[in-house]
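Asker: Predicted model and sequence follow; I will ask about them next.
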Protein chains: 2
Amino acid sequence: MTIPSPDAVQAADSPRIAIEAVSPSVDGGRFPVKTVVGHRVIVEADVFADGHEVLGASVLWRPVGGEWRREPLTELVNDRWRGGFTPDAVGAHEFAVEAWWDDFGTFRRDLGKKREAGLDVRLETEEGLILLEQIAASAPAGAARALGAIVLTLREETDVAARVAGLLAPDTRAAVDAAEHRAFATRSGPFGVTVDRVQAAFASWYELFPRSESGDPTRHGTFRDVIRRLPMIRDMGFDVLYFPPIHPIGASNRKGRNNTLTPGPDDVGSPYAIGSAEGGHDALHPALGSLEDFRALVAAAKEHGLELALDFAIQCSPDHPWLKQHPGWFKWRPDGSMKYAENPPKKYQDIVNVDFYGPDAVPGLWAALRDVVLFWASEGVTTFRVDNPHTKPLPFWEWMIAEVKAKHPGAIFLSEAFTRPKVMYRLAKVGYGQSYTYFTWRNHKGEIADYLTELTTTAPKDFFRPHFFVNTPDINPYFLQTSGRAGFLIRAALATTLSGLWGMYNGFELCESAALPGKEEYLDSEKYEIRIRNWAQPGNIIPEITRLNRIRKENPALQTHLGVRFYNAFDEHVLYYGKPRLADDDSGRVEDMVVVFVNFDPHAAKDAEYEVPLWEFGLGDHETLAVEDLMRGNRFTLTGKNHRIRLDPNDLPFHVWRLTRLSGEA
Amino acid sequence: MTIPSPDAVQAADSPRIAIEAVSPSVDGGRFPVKTVVGHRVIVEADVFADGHEVLGASVLWRPVGGEWRREPLTELVNDRWRGGFTPDAVGAHEFAVEAWWDDFGTFRRDLGKKREAGLDVRLETEEGLILLEQIAASAPAGAARALGAIVLTLREETDVAARVAGLLAPDTRAAVDAAEHRAFATRSGPFGVTVDRVQAAFASWYELFPRSESGDPTRHGTFRDVIRRLPMIRDMGFDVLYFPPIHPIGASNRKGRNNTLTPGPDDVGSPYAIGSAEGGHDALHPALGSLEDFRALVAAAKEHGLELALDFAIQCSPDHPWLKQHPGWFKWRPDGSMKYAENPPKKYQDIVNVDFYGPDAVPGLWAALRDVVLFWASEGVTTFRVDNPHTKPLPFWEWMIAEVKAKHPGAIFLSEAFTRPKVMYRLAKVGYGQSYTYFTWRNHKGEIADYLTELTTTAPKDFFRPHFFVNTPDINPYFLQTSGRAGFLIRAALATTLSGLWGMYNGFELCESAALPGKEEYLDSEKYEIRIRNWAQPGNIIPEITRLNRIRKENPALQTHLGVRFYNAFDEHVLYYGKPRLADDDSGRVEDMVVVFVNFDPHAAKDAEYEVPLWEFGLGDHETLAVEDLMRGNRFTLTGKNHRIRLDPNDLPFHVWRLTRLSGEA
């Protein structure tokens, strides 16, 4: 009755061991997870098979195209295994989970049990020696010799107890391990890992318009003017200096002050209207300086420990050279005109968009855009804030970012997409290393806690790095328009302590908030005119920002959004959270912890009962922790779980403390 | 500077539209989801792209190898889309999600907005006509003609308002739909769907040993004896009659009564010691009857609306013919002996196991095992309870079940794996349509609620069908050993109302619970001897079981474990849950609902406050529902949300009610 069954051969060759639920992974491995160099990637997987045999498992990892390295996975509970690896280079990596039947492990376990039960195990020892011979047969030469010697010795041993002891000896186990015998070995993966430089996850950004840096309202600022500002920016603790576009600005349909459509002859226009007869995306606005000037700025910034970030805005003024050179990269209307750009309700009459799938756009336009980025990278800029990426095709970003990172593995792309959450997340999946977020509009305690919980405990934790901007040239937050100085302190405290990445657009440190009435736009917006500021203006919060940036540098727990834990503070306006620094041994032990209290009400002092997180340190409810107030510098202790705190917006609406065990305690 | 960029062409050909998080799917599509014929499969997916264009989406589905059919997906909120399909045949199916840019939808939306804003849209109407021509160019002939006629008419129209009206007319939209123009169309999938017959999800099982059916302790029962029992089993409301193995039983190492190793000459042995000189897995125990007798039983059962389920236990008595015919299918010890089977702490001295990866096992053993199943399927049995599948390779099951279902799409396999949860779930993923569960050991209110919540709201809901056995020949639950009759009623009520699949091993209806002291084993277990029972024994719960099975048949909500909702009953022993029957229109409207109250304490009456689920019917807290007591048959009404109930184990420790709106209410 037997039917020929060649498929059974194939089935028997398929993996006997199940490897499921590998973590971290993004969409089952479709996209890479993200980490930064030197940070440990914790890997987990469900590993199991039929029967009751002992299994072994490893994580294998490598730079793409490099040699595999192997680290052990150990079983936690309920078939879940854990291990990890620490990439030591920037670039594309991958890992896989491997599992196998540990034949000798099963033998040892069973032999040990039977010995304990006092059974006769002579036959078992014979089976053990046969197993060792089988393992030796496929082992590397050195390991085979070592195993052979063990077998020879044990075969000559006639005393069963001595044989058993030899089979169970650690040396025998080590010899088997060296033989790399892995029956039914199965791999799951590879899973991609993007290893970025540290600045992809931890950086403080400062944004300015170079044209406003002359100190004189009648003179257009230059790159040389910016060089003079560098020490001040660095002294505030910033790492990245970011400019809106610095390219030639079109004259057609140029915008006037406050986004009007009737510019005067001296109006400078919006820098987002990129391109004129003087060049496009790879040219510099002549009024800012020459390429030599720009190079001088890049070099000066580097000397100050700052890096430049440029704006990559894929759009053209009607005067951009591409319109004439490559009409097939644009979508023309039946009457020969072109639609201007819109991002409802915003209208950009001075801008037209390219058509990524236009008649000549593939590959010409795609390559040209990539080459713009490569050009600036060749000039020493490898951080790009990308304007409205959600209105350009996702496959373009996936391709373009991979192309750039293949040549410049340290390249960082920041997505400026304020849109639906799944689109924002997808942009991160296809390659963006940083993302603008909804932070700016989360002004209530519960909103912030909910948003951070989503970002740190659900799928995005593996691929989405939030960048918390407190303001931008486009966003003059309603909250800050009425909050006064305290509101600026509140938002700075939240951004600097909740996220590894935070940023501010200049003027924030001066508590600027004058708005176009009823809008989230700044009055006399710098997008359309030159603005000269007095950086020493009374009431500025430069000292507080400086202090917060220093606290970030000194406390690794603040260099990522991950790991935040929210605690009870019994007032609806007071948010209270901790960022622990954990031991290096994966034990989860808390070494120390930064805790932050923020009063969300900029107009009234709040008293709140709160709980000292003694339990995080393994301490009882009546024990004591040492506290350092990181904003004020004083030290004290807290004994017992329940305390009260006061947060006064007229003084300081937040506190940042470092909690440690009392010195001498384990 | 341009570098040749052929990869950009490939990138531009890759999907522009993202389709993510398709549901239902198992491990990203690695395994099929399960449903039964005639049941609607609700499909959801995240669908989105760059920009703000209107998208369209469908679910495509078919029997594997058949023609694709198409059903619409509609957008819910936040880029989530939903639709569904209803398979009308048993067998392997698949579905895919397709999404595309609805160019004409985008055009209509924008044209409508501009018309409302009072803008001049002459140029837009021209663009619309060009778009219609483009769509017509790639349309099927009929649709192209219809579109051509529309364009011709509208081109002759000089009044812009009339043109706009024509472009926005439903007929124009319908003509475009018929053209099947789907720009940037992208598919995700296919995702497998196993469509089983209804009995895979809804059936009541009765287990007996045919050898105990003679009515005379001195005579071995036969298949003919079982035929006499069929009306009684059917009258209790059972659908499936399941036998432990019915094959020849080995003599070597035969077990005596109560699992002793010293059988007397008349001891019948364990039917799990399969195989003797009289044959193996495809033979019948001669004392039970001939193949003709078996065929008569299959036919008689069918006449009574019962189907037979057989036990597939892959193991051999030392006397099984395979040991001599195929020594390479077994693992021999160095001294020529063989290890007997163990499932710690149980020892099976009368059984040896096959070696699936033995020297001659592939494909010989694999095919032979499959052919055993195919043989019984050819005899009219297509439901198999599989013994200890977790100790046999997962790839074997995936292959074997697929082979059998290719020939017998209605075949059902029940996994008897009491092991770690991930292994149990994996067995379901690789093909088991039903699974034994931990139900038997969940004896507290919270345990049952937690377990059902896991089964009905997490990943297993799409592939794991729990089969709730109240007892088995191997499990004489500790709870029932001390609960008395009330405990049997409690467990029967839970199993019959919580799961579409439930089963009992005979004796349960007589409240049998005598145990081997301190063990979960029955005293004088039928596994090792013939047991004759008096089915009319006083105190039996046959009427209650009969009633519960009838309630299951009359209430579709009870024909699956899915959909259960737990409600508040304020007593630690009282579990209270509802199973709603929802409207067919996917609106989620509750048509009616079965609610069940169970007192988990078999020794004491409980009073509990509970909440009438008025809100599930869209009613206010002071409104009224009609109630039918399904166990007792009386009807009444409940007004208001808070009531009290009494559950007395001396009377009936549970209630089953059907709640409906008062007649005349919407």
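Answerer: Structure's in. What do you need?
Asker: Please make it C-alpha for all contacts and neighbour counts, starting now.
Answerer: Will do.
Asker: What parts of the stretch 351-500 of chain A come near chain B?
Answerer: A:357, A:362-363, A:366-368, A:371, A:390-396, A:399, A:420-423 (Cα under 8 Å from any Cα of the partner chain).
Asker: if we go to 7 Å?
Answerer: Residues of the stretch 351-500 of chain A that fall close to chain B, judged by Cα under 7 Å from any Cα of the partner chain: A:362-363, A:366-368, A:371, A:390-396, A:399, A:420.
Asker: Which of the residues you listed ranks first by neighbour count?
Answerer: Most neighbours among those, by other Cα atoms under 10 Å in any protein chain shown: residue A:394, with 27 neighbours.
Asker: the bottom helix or strand of chain A by mean pLDDT?
Answerer: When the helices and strands of chain A are scored by mean pLDDT, DSSP states H and E, strand A:340-343 comes last with a mean of 81.
Asker: Give me the contact list for that strand.
Answerer: With Cα atoms under 7 Å, 6 or more residues apart in numbering or on different chains as the test, strand A:340-343 has contacts from A:347-349, A:351-353.
Asker: filter these to the buried ones?
Answerer: Neighbour-count burial (16 or more other Cα atoms under 10 Å in any protein chain shown) is assigned, among those, to A:348-349, A:351-353.
Asker: Now the two most distant members of the residues you listed.
Answerer: With Cα to Cα as the measure, no two of the buried ones among the contacts of strand A:340-343 lie farther apart than A:349 and A:353, at 11.0 Å.
Asker: For chain A, which residues are neighbours of chain B?
Answerer: Close to chain B, as judged by Cα under 7 Å from any Cα, chain A has residues A:2, A:5, A:8-9, A:11-12, A:14, A:16, A:28, A:50-51, A:78, A:127, A:334, A:362-363, A:366-368, A:371, A:390-396, A:399, A:420.
Asker: how about the helices in the stretch 451-600 of chain A?
Answerer: For the stretch 451-600 of chain A, the helices defined by DSSP state H, counting those that start in this stretch occupy A:478-483, A:485-498, A:542-554.
Asker: Would you mind listing the buried residues in the shortest one?
Answerer: Applying a neighbour-count criterion of 16+ other Cα under 10 Å, one finds A:478-481, A:483 buried in helix A:478-483.
Asker: Name the SS class of the residue lying farthest from the centre of chain A, please.
Answerer: In chain A, the residue that sits farthest from the middle, by Cα atoms, centre = their mean, is residue A:158; the gap is 62.1 Å. State at residue A:158, reduced to three classes by DSSP: H, G, I helix; E, B strand; the rest coil: coil.
Asker: and if you look at residue A:349?
Answerer: Per three-state DSSP, residue A:349 ends up strand.
Asker: Tally up the residues packed near the spatially closest residue to it that is not a sequence neighbour, please.
Answerer: Setting aside the residues directly before and after it, residue A:349 is nearest to residue A:340 in space (Cα to Cα, 6 or more residues apart in numbering or on different chains), at 5.3 Å. The tally of other residues near residue A:340 (other Cα under 10 Å) stands at 15.
Asker: so what's residue A:340 bridging to?
Answerer: residue A:352 (DSSP bridges).
Asker: thinking again about what came up before, buried residues, the least confident helix or strand of chain A. List them.
Answerer: residue A:341.
Asker: got it, and stretch A:251-260?
Answerer: A:251, A:253-259.
Asker: Include secondary structure, pLDDT and distance to residue A:106 when you put those residues into JSON lines, please.
Answerer: Putting those into JSON lines (DSSP: H, G, I helix; E, B strand; the rest coil; pLDDT from 0 to 100; distance: Cα to Cα, whole Å) gives the following:
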{"residue": "A:251", "secondary structure": "coil", "pLDDT": "95", "distance to residue A:106": "78"}
{"residue": "A:253", "secondary structure": "coil", "pLDDT": "93", "distance to residue A:106": "78"}
{"residue": "A:254", "secondary structure": "coil", "pLDDT": "95", "distance to residue A:106": "77"}
{"residue": "A:255", "secondary structure": "coil", "pLDDT": "95", "distance to residue A:106": "77"}
{"residue": "A:256", "secondary structure": "coil", "pLDDT": "94", "distance to residue A:106": "79"}
{"residue": "A:257", "secondary structure": "helix", "pLDDT": "94", "distance to residue A:106": "78"}
{"residue": "A:258", "secondary structure": "helix", "pLDDT": "94", "distance to residue A:106": "76"}
{"residue": "A:259", "secondary structure": "helix", "pLDDT": "93", "distance to residue A:106": "75"}
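Asker: Could you work out the most separated pair of those?
Answerer: A:251 and A:258 (16.7 Å).
Asker: I'd assumed residue A:628 was in contact with residue A:635.
Answerer: Yes: using Cα atoms under 7 Å, residue A:635 is in contact with residue A:628, at 4.4 Å.
Asker: Pick out whichever of the two has more residues nearby.
Answerer: Remark: of residue A:635 and residue A:628, residue A:628 carries more neighbours, 17 against 12, as counted by other Cα under 10 Å.
Asker: ok, now which ones touch the more buried one?
Answerer: Contacts of residue A:628 (Cα under 7 Å, 6+ apart): A:634-636, A:657-659.
Asker: model confidence over the helix or strand where residue A:226 lies, on average?
Answerer: Using DSSP states H and E, residue A:226 sits within helix A:223-235. What helix A:223-235 shows for mean pLDDT is 98.
Asker: Okay, buried residues for that helix please.
Answerer: For helix A:223-235, burial by neighbour count (16+ other Cα under 10 Å) applies to A:223-227, A:230-231, A:233-234.
Asker: Redo the buried ones among the contacts of strand A:340-343 as CSV? Include pLDDT and distance to residue B:448.
Answerer: Listed next are the buried ones among the contacts of strand A:340-343 as CSV, based on pLDDT from 0 to 100; distance: Cα to Cα, whole Å:
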residue, pLDDT, distance to residue B:448
A:348, 88, 60
A:349, 87, 64
A:351, 94, 63
A:352, 95, 62
A:353, 95, 59
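Asker: ok, and the closest non-adjacent residue to residue A:135?
Answerer: residue A:181 (6.1 Å).
Asker: swap in residue A:190?
Answerer: residue A:96 (4.6 Å).
Asker: So which elements touch the helix or strand encompassing that neighbour?
Answerer: Counting by DSSP H and E, the element that carries residue A:96 is strand A:91-101. Judged by 3 or more Cα pairs under 7 Å, 6 or more residues apart in numbering or on different chains; DSSP states H and E, the packing partners of strand A:91-101 are strand A:55-63, strand A:183-196.
Asker: tell me which residues of whichever helix or strand comes after that strand are tucked away?
Answerer: The helix or strand immediately downstream of strand A:91-101 is helix A:103-116, counting by DSSP H and E. Buried residues in helix A:103-116, counted by 16+ other Cα under 10 Å: A:103-105, A:107-108, A:111-112.
Asker: Can you show me the helices along the stretch 1-150 of chain A?
Answerer: A:6-13, A:103-116, A:122-137, A:141-156.
Asker: Dump those to a markdown table, plus distance to residue A:315.
Answerer: Shown next, in a markdown table, are the helices of the stretch 1-150 of chain A (distance: least, Cα to Cα, whole Å):
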| stretch | distance to residue A:315 |
| --- | --- |
| helix A:6-13 | 54 |
| helix A:103-116 | 63 |
| helix A:122-137 | 64 |
| helix A:141-156 | 63 |
